[in-house]
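Asks: give me the fold of what follows.
(one chain, ligands or ions: 2)
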Amino acid sequence: MERARTVTVRPGSVVALSGGVGGAKLALGLHRVLDNGKLTVICNTGDDFRHLGLHICPDIDTILYTLSGLADPDRGWGRHDETWNFMEALKDLGGETWFRIGDRDLATHIERTQRLEHGEPLSVATDHFRRRLGISTHIVPMSDDPVRTQLLSEAGWLDFQDYFVRQRCNPVVREIAFAGAEKSEPAPGVVSALNDPQLQAVVICPSNPLISIEPILAVPGIRKALKGCSVPLIGVSPIIGGRAIRGPADKLMRELSFGSSAAAVAQRYADLIDAWVVDKVDADTPVPSGVKKVVTSTMMVSMEDREKLARDVLDAAQQMSFKPISATKATDVSA
Ligand code: GDP
Ligand code: CA
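Replies: Ligands and ions are numbered 1, 2, ... in the order given. Model prediction:
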């Protein structure tokens, strides 16, 4: 029998905290499953940097490109159908090419830089881009103020992109700092989304806890607003079977002596989360006391995986609250 889809639009909104690639996978699932405009993604800006005179926001761009369908699925960053004339010409001139910028991607960085130089806050420029790209989900930087992730290695403090891209996460990390975080304010749109009377759930996406989520939590006003939230706060583990799917989360967790497990990540969020979503392979993982464990498939390969995990997360939130969640768009109601 054909499956019907509900079309009822109910009130209710969801906030997701995200870094780049891993977070964007679940953000896309939530975006597709929720009714238009009901999702707000709060993005990490600790990776932002100035390079070749350009203001580059890697995680915001990953979210913009992912939610607009422009992302390159194989590379994991940047846009699909990209060309590299700019990089090649730059190389011929002896310019810095360690940070790859495609021709189409370059337009994003140039337009953003122009806008910021004319006094536009990052949150306004980001909102402009998401509208131009036809994205109904709200995308908000964690702060309009500069917050910069830095990592202490044996060779001293490294800027984030130096560590992450130029040195390919090879240095052993002893400490992580978020310069500027203490004085930073949440960007407009962050606290209002978290205080929205229609808010149903807050989701911590499966992003790197140490360099994607913790910079967001280091903005004092965001942590305070999260603590004051009366809706379920649900985190999804980026670690499956002790390993990161991609990137240095597990390596960093080990180097900083937290251990690389789903349980260790939950510990980092213990004062915030109400539920912790782990993969089936981590079904026995311990969770902090008072936190509900949700076991499901958390590996997102296909679009169906992304939507299924998004629904599982929203279902878990639903079971913990009495408010209905507006995840009706793609929910099957008859079987
Ligand atoms: P970045 O800013 O581009 O480094 O990306 P994030 O910090 O948002 O995401 C990196 C994290 O995503 C890594 O720790 C991965 O383990 C995690 N990740 C990537 N793909 C998946 C997936 O399919 N499922 C889960 N649970 N985690 C994933
Ligand atoms: Ca990132």
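Asks: now stretch 62-78: buried residues?
Replies: The neighbour-count check on stretch 62-78 (16 or more other CB atoms under 10 Å) flags 62-68, 70-72, 77-78 as buried. C-beta coordinates here come from the backbone N, C-alpha and C atoms, glycine included.
Asks: of the residues you listed, closest to residue 136?
Replies: Set against residue 136, the nearest of the buried residues of stretch 62-78 by CB to CB is residue 67 (8.6 Å).
Asks: which residues of the stretch 201-335 of the chain score low on pLDDT?
Replies: 322-335 (pLDDT under 70).
Asks: count of neighbours near the residue of the chain at minimum distance from ligand 1?
Replies: Here the chain gets closest to ligand 1 at one residue, residue 22, 1.8 Å apart by CB to the nearest ligand atom. Residue 22 has 24 neighbouring residues, counting by other CB atoms under 10 Å.
Asks: next one: residue 284
Replies: Residue 284, neighbours per other CB under 10 Å, totals 9.
Asks: with residue 174 instead?
Replies: 12.
Asks: not counting residues beside it along the chain, what's closest to it?
Replies: What sits nearest to residue 174 in space, not counting adjacent residues and going by CB to CB, 6 or more residues apart in numbering, is residue 152, at 4.8 Å.
Asks: what parts of the stretch 201-335 of the chain come near ligand 1?
Replies: Residues of the stretch 201-335 of the chain found near ligand 1 (CB under 6 Å from any ligand atom) are 206-208, 212, 236-238, 240, 244-247, 249, 298-300.
Asks: and those residues, which two are the farthest apart?
Replies: For those, the farthest-apart pair by CB to CB is 212 and 299; their separation is 18.2 Å.
Asks: the two: which has the busier surroundings?
Replies: Counted by other CB under 10 Å, residue 212 and residue 299 do not tie: residue 212 has more neighbours, with 28 against 15.
Asks: before we move on, the earlier item: and the residue nearest to residue 174, how many neighbours?
Replies: 16.
Asks: then the one 10 residues further on?
Replies: Residues lying near residue 162 (other CB under 10 Å) number 17.
Asks: list the contacts of residue 101.
Replies: 52, 54, 56, 86-87, 109 (CB atoms under 8 Å, 6 or more residues apart in numbering).
Asks: now do the contacts for whichever residue of the stretch 1-150 of the chain sits closest to ligand 2.
Replies: Nearest residue of the stretch 1-150 of the chain to ligand 2 (CB to the ion) works out as residue 20 at 3.8 Å. Applying CB under 8 Å, 6+ apart to residue 20 gives the contacts 44, 47, 58-59, 62-63, 77, 207, 212.
Asks: now the strands for the protein?
Replies: Using DSSP state E, the strands of the chain run over residues 13-18, 39-43, 49-51, 54-56, 138-141, 148-153, 156-159, 173-179, 199-204, 233-236, 239-240, 243-244, 275-279, 292-296.
Asks: the fifth one: how far from the chain's middle?
Replies: Here strand 138-141 shows a centroid-to-chain-centroid distance of 10 Å under the convention CA atoms, centre = their mean, to the nearest Å.
Asks: helices or strands up against that strand?
Replies: Using 3 or more CB pairs under 8 Å, 6 or more residues apart in numbering; DSSP states H and E as the contact test, the elements touching strand 138-141 are strand 39-43, helix 58-67, helix 122-132, helix 190-195.
Asks: try it again with 10 Å
Replies: Where contact means 3 or more CB pairs under 10 Å, 6 or more residues apart in numbering; DSSP states H and E, strand 138-141 is packed against strand 13-18, strand 39-43, helix 58-67, helix 122-132, helix 190-195.
Asks: now that strand: average pLDDT?
Replies: In this model, strand 138-141 has a mean pLDDT of 98.
Asks: flag every residue of the stretch 1-150 of the chain that's near ligand 1.
Replies: Those residues of the stretch 1-150 of the chain that sit near ligand 1, judged by CB under 6 Å from any ligand atom, are 18-23, 25, 59, 62.
Asks: with distance to residue 144 added, can I get the residues you listed in JSON lines?
Replies: Listed next are these as JSON lines, based on distance: CB to CB, whole Å:
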{"residue": "18", "distance to residue 144": "18"}
{"residue": "19", "distance to residue 144": "18"}
{"residue": "20", "distance to residue 144": "19"}
{"residue": "21", "distance to residue 144": "24"}
{"residue": "22", "distance to residue 144": "24"}
{"residue": "23", "distance to residue 144": "20"}
{"residue": "25", "distance to residue 144": "26"}
{"residue": "59", "distance to residue 144": "15"}
{"residue": "62", "distance to residue 144": "19"}
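Asks: looking at these, point me to the pair that's furthest apart.
Replies: Pairwise distances among these were taken by CB to CB; the largest, 13.0 Å, belongs to 25 and 59.
Asks: overlap of the contact sets of the two?
Replies: Counting by CB atoms under 10 Å, 6 or more residues apart in numbering, the common neighbours of residue 25 and residue 59 are 18, 207.
Asks: wait, doesn't residue 280 sit right on residue 296?
Replies: Yes: with contact defined as CB atoms under 10 Å, residue 280 and residue 296 form a contacting pair (6.9 Å).
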